[in-house]
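[1] Next input, structure requested:
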Amino acid sequence: MSKKYDRDTKSEANLRRSYFKLVDQEKQESAQPRESKGLSFQDRLKLKHERKERKRQSQIEKTRKTYQKLKESEKTREVQSKKLQKAKTRTGQPLMAPRINNLLDKIKSEVSK
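    Numbering: from 1, shown residues only. Have a look, this model is predicted:
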């Protein structure tokens, strides 16, 4: 047999051994009785409200972040469009494509109103 095969079988045996150790530990832990919290109704209600409030706060924060990202992307888009408006050809003539697109966008927005 080759050395590689011996190494592989040893590592497999070690994995099996460690797996069964973990399984035995889990069985012993599950055999021990768990202590109940014994919370009163008021305490459970308070916990429920706290969780609900945390969830609401995280949702608000998430919405705030997305709104902020939208604002930033709008600003960068506007900067890019201004750069395109000021762009010139090699001979110094203004580029017409961005201007035409801008005019078309204005017409579309007026028609949709």
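[2] What mean pLDDT does stretch 29-42 get?
    Stretch 29-42 comes out with an average pLDDT of 73.
[3] change the start of the numbering to 20 and stick with it
    I'll keep to 20 as the first residue from here, and by that count the last item is stretch 48-61.
[4] start to end distance for it?
    Stretch 48-61 stretches 31 Å from its first residue to its last (CA to CA, to the nearest Å).
[5] Tell me how far the spatially most central residue of the chain lies from Glu69.
    The centroid of the chain falls nearest to Lys81 when counting by CA atoms, centre = their mean (10.0 Å). Noted for Lys81: a distance of 19 Å to Glu69, by CB to CB, to the nearest Å. Backbone N, C-alpha and C define where each C-beta goes, glycine included.
[6] quick one: the helices in this protein?
    Using DSSP state H, the helices of the chain run over 22-50, 60-105, 116-131.
[7] In terms of mean pLDDT, which of these ranks lowest?
    Averaging pLDDT over each of these puts helix 22-50 lowest, since it has a mean of 76.
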